[in-house]
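1. sequence plus the predicted model coming up.
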There are 2 protein chains.
Amino acid sequence: MANIELSTQPYKGTRDFYPREMTLRNWFFGKIRERLQLCCFEEYGGPMLESLDIYIAKSGEELAGEQTYNFEDRGGRRLAVRPEMTPTVARMVAGKLGELSFPLRWFSIPNLYRYERPQRGRLREHWQVNVDIFGADGFEADTEVISTAVSLLDALGAKKDMYRVHINNRRFFNDVICSLCGTDAEGAKKISKVIDRKGKVGREAYEKDMIALGVSADMIAKLDSVYSMSVTEAAALCPDSQGAAELLGLFSMLDKLGLSEVCEFDFGIIRGLDYYTGTVFEVFDTSPENNRAMFGGGRYDNLVGLFVKNAHVSGVGFGFGDVTLENFLVTHNLIPDDLYTGRAKVLVTRFDGIDYETYADLAAKIREAGVACTVYNGQQRKIGKELDYAGKAGFTHAVTMGTDEKAAGIVKVKNLSRREEKTVAVPDLADPKVFD
Amino acid sequence: MANIELSTQPYKGTRDFYPREMTLRNWFFGKIRERLQLCCFEEYGGPMLESLDIYIAKSGEELAGEQTYNFEDRGGRRLAVRPEMTPTVARMVAGKLGELSFPLRWFSIPNLYRYERPQRGRLREHWQVNVDIFGADGFEADTEVISTAVSLLDALGAKKDMYRVHINNRRFFNDVICSLCGTDAEGAKKISKVIDRKGKVGREAYEKDMIALGVSADMIAKLDSVYSMSVTEAAALCPDSQGAAELLGLFSMLDKLGLSEVCEFDFGIIRGLDYYTGTVFEVFDTSPENNRAMFGGGRYDNLVGLFVKNAHVSGVGFGFGDVTLENFLVTHNLIPDDLYTGRAKVLVTRFDGIDYETYADLAAKIREAGVACTVYNGQQRKIGKELDYAGKAGFTHAVTMGTDEKAAGIVKVKNLSRREEKTVAVPDLADPKVFD
């Protein structure tokens, strides 16, 4: 082995999941997986390395090249460590277009790599639930995707006042700009870009850029007013817009499903410019401490077409990352108190005078009852040290048997948190209630 | 979006997991996770990208450079897509040496990347269960690791005649070579390398290489004879060897735990040269169709020391990949027949005359009973087509409600595999037995 000074830190922007962190991640993704399966979504998975080309095709050379970890293999193939799951799933759908039955209801929980400066809620490696419906064009599917997002928060114990779903429609957004600024689709695209940057550049620069595109102060004021309109008021601005009809249809259906309480129209939701084609939404945390968009999604209608010419498979879905999810759970105190101690975990301690296999038999009996159990296998054979270890290593109970107990066919069962001890006959260890 | 001819194939040596394949992977890793937790192993996770240095430190520049996907980030850091989990876990243990309570019992199920020519059972990306005990020096831990490996096969339904555990000891192996070839540790190391290559180079080249190292034909014959010896006979060759004592102790304990039936001594098990320090084992499939080593492991005593000078944390464990595991399950017909259809999955079909929300209410009621359910959200609104879709998309039941049924407060529940239909009152949908 070489002599290198090695760091024990994980690579910048990535995390180690020690058992405690892993338990938490497994808990919330387990709840999410269970709920998605209850809603008939099927899990899929794809490779961590993909051809860089699929990201270039979706996002352009610059974005794909800059924001991904990419390199060439020895055959000169340009590979990327996947930065998102959508190109992979579009590729997979395209690859079995003739065999799959649409609508598809798919989800995945991949880890993803983005090459960017790590910051709160944005790391270089994160895990993301991806939920998509492919091949369902009606806004029933949009409604279902939004209700599924809400359902996942519900599965994690979130109350309705903890989050809010902000909804817009990209087609409607474009139509409003065309109508209020008196421009065509091409002009609207340029204006959209300026609007998208508004938050970053500040009000003054925004107005200057708008005026440079021929948008008058009056038009800017009219646009400003849309942000405080109800969905009905806003839709009335473009009565013939397909996007307006979609938006009204969606809100009507959300209302009938009892979801209007947690949903609102928000003209400020755009979500990038080259990807979404219809409904777009973002879910906000309502807590003053964490008041931010947690995740979002929407309808995109042409990704499968990147792989198969003339394929028309619509998609609508969302992605939800583990970092923002965990912030939300912590902020609202939604992590169960007994997450780490709720299930019994039993250590059988050892005395030197008794054979290992005697203890192994006890452990096997306890495991047969479905209770997690193992025999102490460290070198230190002093009961105090072993019990000390049991507590620190996360065991909930310790079973002790000395020579007297062995002769009598009994053991002592110690509840480590309650510091209670009881005597149990060996055959009774098969009863899981012993470790309640 | 750019105009590139995009392939729908995954990158060479990697796999897409469509829902059917994912269900299988989730099933066997789920069983394994459950069993490991029952044995008090705790799950951890680490990042997909690591500093290349940790692999170089373990395996040398050449091996780490050639067999990993590696590249430089923009800060000039040399990164690798992890080819194995052991350096990561050693780094993590080293990083919290003072806080962790030993012995640690840890497992992980990471995906790993190896840069090599894909072949049967060896792909570029695979998933691997990694099980390790850190900080337990006695052969109780070796025994436990072997019994855990057996227990995982048992959890997957394997019978005792389907596999066999071949066991050796690296210390013993070296001592036998020193003793039979009359050489020291340095000489034994060179001879070991030749023995390790025996299978690849063939008998003739092997003998030539041995003789070149001063090993006589007589010594070679003596070495040959060890391969057919019992563990007691072999141990008698070096009565003072610590390795022999370890091996005898291990076999005695395996016998007491009832494991000798599936375990045998095999002097041919070496498992690489620079890593393992004591017990080594490999689990073989006994089927004539798939007669090969499936996975293995052993004791390695100095990995944490790569990160923290003078740290002495022993490790013993094994890794088990999904590709070989799946081959084993298929060969022995261990995949449950009802894996894909065992749980009810209900599609609520739609007629045009009835509102979506009426059907959504039915679906919500069925889900409340814990049964997976959703409403058909495709465009085609013809009952025959919807039922056809239900069958193809993996639903087990369809619920239909026309205007007459709606008026009567009933639905029809169709079992799609048995082709049976029954009439159910709407409130009774809350009973999961309806979908038995």
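-> Sure, I can see it.
2. hey, let's count contacts and neighbours off CA atoms from now on
-> Fine.
3. quick check: closest non-adjacent residue to whatever residue of the stretch 1-150 of chain A ends up closest to chain B.
-> Taking CA to the nearest CA, chain B has its nearest neighbour within the stretch 1-150 of chain A at A:Leu38, 3.9 Å off. Once flanking residues are discounted, A:Leu38 sits nearest to B:Ala372: 3.9 Å by CA to CA, 6 or more residues apart in numbering or on different chains.
4. and the least confident helix or strand in chain A by mean pLDDT, which residues are buried?
-> Lowest on mean pLDDT, DSSP states H and E among the helices and strands of chain A sits helix A:61-67, with a mean of 87. Of all the residues in helix A:61-67, those buried under the rule 16 or more other CA atoms under 10 Å in any protein chain shown are A:64-65.
5. which helices and strands does that helix pack with?
-> Helix A:61-67 is packed against helix A:53-59, with contacts defined by 3 or more CA pairs under 8 Å, 6 or more residues apart in numbering or on different chains; DSSP states H and E.
6. and the helix it packs on, anywhere near chain B?
-> Yes - using CA under 8 Å from any CA of the partner chain, helix A:53-59 reaches chain B at A:53-54, A:56-59.
7. cool, and stretch A:110-129?
-> Yes - Stretch A:110-129 comes into contact with chain B (CA under 8 Å from any CA), by way of A:Glu125.
8. quick one: mean pLDDT for that stretch?
-> For stretch A:110-129, the mean per-residue pLDDT is 88.
9. likewise stretch A:195-204?
-> 89.
10. what does that stretch rub up against?
-> Applying CA atoms under 8 Å, 6 or more residues apart in numbering or on different chains, the external contacts of stretch A:195-204 come out as A:206, A:270, A:272.
11. measure the residue in the stretch 201-350 of chain A that chain B sits nearest to to A:Ala57 for me?
-> The stretch 201-350 of chain A approaches chain B most closely through A:Phe307 (5.4 Å), counting by CA to the nearest CA. Per CA to CA, to the nearest Å, A:Phe307 is found 9 Å from A:Ala57.
12. try A:Met294
-> Taking CA to CA, one finds A:Met294 at 27 Å from A:Ala57.
13. repeat for A:Tyr276
-> 15 Å.
14. before we move on, what about A:Ala393?
-> 49 Å.
15. which of the two has more neighbours?
-> A:Ala57 (20 against 17; other CA atoms under 10 Å in any protein chain shown).
16. hmm, back to that, output the least confident helix or strand of chain A in CSV with nothing but the alpha carbons.
-> Extracted in CSV, the C-alpha atoms of helix A:61-67 (Å, rounded to 0.1, in the frame of the first residue of the first chain):
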residue,chain,number,x,y,z
GLU,A,61,-23.7,21.8,-24.6
GLU,A,62,-22.9,24.6,-22.1
LEU,A,63,-25.3,23.6,-19.3
ALA,A,64,-24.6,19.9,-19.6
GLY,A,65,-20.9,20.4,-19.8
GLU,A,66,-20.6,22.9,-17.0
GLN,A,67,-23.0,21.5,-14.4
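17. helix or strand next in line after it, which one?
-> Later in the chain than helix A:61-67, the nearest helix or strand by DSSP states H and E is strand A:69-72.
18. output the next helix or strand along the chain from that next one in CSV, but only the C-alpha positions, please.
-> Later in the chain than strand A:69-72, the nearest helix or strand by DSSP H and E is strand A:78-81. Provided in CSV are the C-alpha atoms of strand A:78-81 (Å, rounded to 0.1, in the frame of the first residue of the first chain):
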residue,chain,number,x,y,z
ARG,A,78,-18.2,11.1,-23.3
LEU,A,79,-19.8,10.0,-20.0
ALA,A,80,-21.6,11.9,-17.3
VAL,A,81,-22.3,11.0,-13.7
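19. and strand A:78-81, which strands flank it?
-> Sheet pairing of strand A:78-81 (DSSP bridges) gives strand A:49-51 (antiparallel), strand A:69-72 (antiparallel).
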